[in-house]
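Peer 1: Predicted model and sequence below, questions to follow.
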Amino acid sequence: MGSTGSIGTQTLEVIASAPESLRVGVLSAHSNVDLLVRQAELCTPDLVVIVDETLASDLQRRVPQGVQVEAGLDALGAAAAEADVTINGVVGFAGLGVTLATLSAGKRLGLANKESLIAAGPIVQPLRLVPGAELIPVDSEHCAIHQCLRSGSSGPGGSRLSSVVLTASGGPFRGRDAEWCASVTLEQALAHPTWSMGPKITVDSSTLMNKGLEVIEAHELFGVGYDSIEVVVHPESIVHSMATFTDGSTIAQLSQPDMRLPIGYALSWPNRHQIPFGSMDFSKPFALHFEPPDLDTFRCLSLAFAAGRAGETAPAWLSASNEVAVEAFLEGRIGWLDIAAVNDATLQDWDGSVADSVDAVLAADSTARRIAATHISQLEPR
Ligand code: NDP
Ligand code: MG
């Protein structure tokens, strides 16, 4: 799902690397018909879904014969329930239907779309108990933790996990202070030092909101308390995250920054994908560095800890506000520092609503979007 995006196109590369065991059943995009048609010609899926319904007839005319076409967000959810494994590479809250439908159908969900789990954690958790349902992280940090946790015992006494340590590249503004960051441009924010990704997550990486969202994601995926989640800046993006156990051991997962590794992991688990992506070369010298994050300049990270601790719909509010703020930044309507300011103001307006149903989460998302838009309209015009 989201096959035309950064995660989607890399997922198709991983599938193409193992034609004997993997086949594409469904492709989907929001509106990129040209790429969707090219992908359908290469993969001959059973079904393609376009979310923008006005483009359905154009798509229908152009896909190879025998490929079914569906349109709309509901069709996306329905299609997700069809496949054995769904990789959710949709960006933002729009991926919620795919996450819920895949788990409800008792299928494996390879989750790149962290926003759906963050916004709807309390709704997603019970669905993990549906027979056959599996939630395997695709986010590289959580894929790393999923692997590191296998070093602990799962027997009586639990895994004896002490903490999880999420690594962050630090983004393009690592080492800069807030004064310097006041004048950063969109181009600078989109120039990530180690990863090539879609625009939303690239901006999130520059503000450390991505790491903040990943803190909430780690809490939801692995059931670790917020006091047991640490963030460390690691500019080389080689150690993808770590787990520390009660005896003092820290276990790390290393590879080059290449999302095809975690995608292959989610597709192959509990086996390993047979083709190496991003493997290390220890024949040449290299160094790894670690430093604490600068919470004064990168305020979004603390906001995420606060929203996560508040629980209920607070993470949905923060994530929705952030989507609105990042979109405004991408459109040149607000500055880089305004992203954190808008998210802070919106979170302060959180109404304390509980996340006890899908409707409650949808309502929280739309209320938070409206409030974030109001805060944006109150900023000085640029
Ligand atoms: P992209 O922007 O590159 O791709 C997004 C995909 O979602 C596209 O296929 C797009 O279709 C589709 N899409 C956009 N809006 C909607 C919508 N309203 N409804 C349905 N589909 C939609 O994003 P990324 O691949 O970078 O990120 C996808 C997700 O994976 C995000 O949640 C991100 O946080 C997460 N992730 C990404 C990583 C990466 O390396 N890229 C790493 C870890 C996590 P169209 O092309 O038609 O617009
Ligand atoms: Mg990540």
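Peer 2: Nice, I can see it. Ligands and ions are numbered 1, 2, ... in the order given.

Peer 1: Only C-alpha atoms from now on, for both contacts and neighbour counts.
Peer 2: Will do.

Peer 1: Give the burial count for residue 151, as a bare number.
Peer 2: Residue 151 has 16 neighbours, counted by other C-alpha atoms under 10 Å.

Peer 1: who touches residue 102 in this structure?
Peer 2: 77, 80, 81, 86, 108, 109, 133 (C-alpha atoms under 8 Å, 6 or more residues apart in numbering).

Peer 1: So which residues on the stretch 251-382 of the chain come close to ligand 1?
Peer 2: Contact residues, the stretch 251-382 of the chain versus ligand 1 (C-alpha under 6 Å from any ligand atom): residue 259.

Peer 1: would you list every one of the helices in the stretch 251-382 of the chain?
Peer 2: Using DSSP state H, counting those that start in this stretch, the helices assigned to the stretch 251-382 of the chain run over residues 260-268, 299-310, 314-330, 336-348, 358-377.

Peer 1: Help me confirm that residue 202 comes into contact with residue 190.
Peer 2: Yes: at 5.8 Å, residue 202 and residue 190 qualify as touching, with contact defined as C-alpha atoms under 8 Å.

Peer 1: Would you mind confirming that residue 113 is in contact with residue 86?
Peer 2: No: under the criterion of C-alpha under 8 Å, residue 113 is not in contact with residue 86, lying 11.3 Å apart.

Peer 1: so how far is the first residue of stretch 163-183 from its last?
Peer 2: Terminal residues of stretch 163-183 are spaced 36 Å apart (C-alpha to C-alpha, to the nearest Å).

Peer 1: what is the rounded mean pLDDT of it?
Peer 2: The pLDDT scores in stretch 163-183 average 97.

Peer 1: outside of the lowest-mean-pLDDT helix or strand in the chain, which residues touch it?
Peer 2: None of the helices or strands of the chain scores lower by mean pLDDT, DSSP states H and E than helix 73-80, at a mean of 93. For helix 73-80, contacts defined as C-alpha under 8 Å, 6+ apart pick out 1, 26, 28, 47, 49-51, 86, 97-98, 100-102.

Peer 1: for the helix or strand hosting residue 242, packing partners?
Peer 2: Counting by DSSP states H and E, the element that carries residue 242 is strand 239-245. Secondary-structure packing of strand 239-245 (3 or more C-alpha pairs under 8 Å, 6 or more residues apart in numbering; DSSP states H and E): helix 140-148, strand 161-168, strand 250-254.

Peer 1: Could you say which helix or strand holds residue 247?
Peer 2: Using DSSP H and E, residue 247 sits in no helix or strand.

Peer 1: number of nearby residues for residue 345?
Peer 2: Residue 345 has 16 neighbouring residues, counting by other C-alpha under 10 Å.

Peer 1: quick one: low-confidence parts of the chain?
Peer 2: Along the chain, segments meeting pLDDT under 70 span 154-158.

Peer 1: The residue sitting furthest away from the middle of it: what secondary structure?
Peer 2: Relative to the centre of the chain, and counting by C-alpha atoms, centre = their mean, the farthest-placed residue is residue 65 at 33.8 Å. Assigned with DSSP: H, G, I helix; E, B strand; the rest coil, residue 65 falls in the coil class.

Peer 1: how about the helices and strands packed on strand 239-245 in TSV, adding mean neighbour count?
Peer 2: Output for these, formatted as TSV (neighbours: other C-alpha atoms under 10 Å):
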stretch	mean neighbour count
helix 140-148	22
strand 161-168	24
strand 250-254	18
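
Peer 1: Which of those sits closest to residue 337?
Peer 2: Of all these, strand 161-168 sits nearest to residue 337, with 19.2 Å by C-alpha to C-alpha.

Peer 1: For the following helix or strand past that closest one, which helices and strands make contact with it?
Peer 2: Following strand 161-168 in sequence order, the next helix or strand is helix 178-181 (DSSP H and E). For helix 178-181, the elements it packs on are helix 336-348, judged by 3+ C-alpha pairs under 8 Å, 6+ apart.

Peer 1: Output the contacting helices and strands for the helix it packs on.
Peer 2: In terms of contacts (3+ C-alpha pairs under 8 Å, 6+ apart), helix 336-348 is packed against helix 178-181, helix 299-310, helix 314-330, helix 358-377.

Peer 1: One more pass at 7 Å, please.
Peer 2: For helix 336-348, the packing partners by 3 or more C-alpha pairs under 7 Å, 6 or more residues apart in numbering; DSSP states H and E come out as helix 299-310, helix 314-330, helix 358-377.

Peer 1: Point out the most buried one among these.
Peer 2: Comparing the helices and strands packed on helix 336-348 by mean neighbour count (mean count of other C-alpha atoms under 10 Å), helix 314-330 ranks first with a mean of 26.

Peer 1: Which neighbouring elements make contact with it?
Peer 2: Identification of packing neighbours for helix 314-330 by 3+ C-alpha pairs under 7 Å, 6+ apart yields helix 114-119, helix 299-310, helix 336-348, helix 358-377.

Peer 1: Now do it against helix 358-377, angle only.
Peer 2: If you take axes from the mean of the first three to the mean of the last three C-alpha atoms, to 10 degrees, helix 314-330 sits at 40 degrees to helix 358-377.

Peer 1: what comes into contact with helix 314-330?
Peer 2: Contact with helix 314-330 is made by 115, 118-120, 186, 200, 307-308, 334-336, 339, 342-343, 346-347, 350, 361, 364-365, 368-369, 372-373, as judged by C-alpha atoms under 7 Å, 6 or more residues apart in numbering.

Peer 1: got the angle for that helix vs helix 299-310?
Peer 2: Helix 314-330 runs at 160 degrees relative to helix 299-310, counting by the same axes, to 10 degrees.

Peer 1: what separates helix 314-330 from the chain centre, distance-wise?
Peer 2: With C-alpha atoms, centre = their mean, to the nearest Å as the basis, helix 314-330 stands 14 Å off its chain's centre.

Peer 1: what do you get for stretch 87-101?
Peer 2: Using C-alpha atoms, centre = their mean, the distance from the centre of stretch 87-101 to the centre of the chain it belongs to is 10 Å.

Peer 1: Perfect, that will be all.
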